[in-house]
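Participant: Predicted model, plus sequence, below.
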Amino acid sequence: MYNLKIRRVGNSLGVTIPKAALEELNVGEGDVLYLTSASDGFRVTPHDDVFAKGMKALEKGQRQYRNALRELAK
């Protein structure tokens, strides 16, 4: 487990990830991380091409069927 401290970065807030955690995730500067909700809190995972392709397909479908989705949401 790693403790992360929230710090101001310009007009935003950010966290510094310890080097050991970055090595475990196999990521470095400029890489994408995903923060997802989990039953016990949140999960941070490295960029996943399969997930990214799925999200791109979802976004395309949401744009294409925007009106139908809006009607279904009523």
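Facilitator: Received, thanks. What you see is a predicted model, and the numbers here were worked out from it, not measured in a lab.
Participant: all contacts plus neighbour counts: C-alpha atoms, from now on.
Facilitator: Noted.
Participant: Now Gln62: which helix or strand?
Facilitator: For Gln62, the host element (DSSP states H and E) is helix 49-64.
Participant: Equivalent analysis for Arg70, please.
Facilitator: helix 66-72.
Participant: Can you get me the centre-to-centre distance for that helix and its chain?
Facilitator: Offset of helix 66-72 from its chain centre (CA atoms, centre = their mean, to the nearest Å): 26 Å.
Participant: which outside residues touch it?
Facilitator: Contact with helix 66-72 is made by Gln62, as judged by CA atoms under 8 Å, 6 or more residues apart in numbering.
Participant: switch to 10 Å and redo it
Facilitator: 60-63, 73 (CA atoms under 10 Å, 6 or more residues apart in numbering).
Participant: Can you name the two of the residues you listed that sit furthest apart?
Facilitator: The two members of the contacts of helix 66-72 with the most space between them (CA to CA) are Lys60 and Ala73, at 18.0 Å.
Participant: Can you pick out the residue with more neighbours from those two?
Facilitator: Lys60 (12 against 7; other CA atoms under 10 Å).
Participant: Low-confidence regions, this protein specifically.
Facilitator: Scanning the chain for pLDDT under 70 picks out nothing.
Participant: So for this protein, the centremost residue is which one?
Facilitator: By CA atoms, centre = their mean, the chain has its centre lying nearest to Tyr34, at 2.5 Å.
Participant: looking at it, that residue is touching Thr45, isn't it?
Facilitator: Yes - taking contacts as CA atoms under 10 Å, Tyr34 lies within contact range of Thr45: 5.2 Å.
Participant: so Lys19 touches Leu4, yeah?
Facilitator: No - the pair Lys19 / Leu4 is not scored as a contact, 11.9 Å apart, by CA under 10 Å.
Participant: For Ala38, which residues count as its bridge partners?
Facilitator: Under DSSP bridges, the beta-bridge partners of Ala38 are Gly41.
Participant: so where does Leu22 fall, helix or strand?
Facilitator: helix 19-25.
Participant: Can you give me the neighbour number for Glu23?
Facilitator: 10.
Participant: That one and Asp48: what is the separation?
Facilitator: Glu23 is 16 Å from Asp48, where distance means CA to CA, to the nearest Å.
Participant: Thank you, goodbye.
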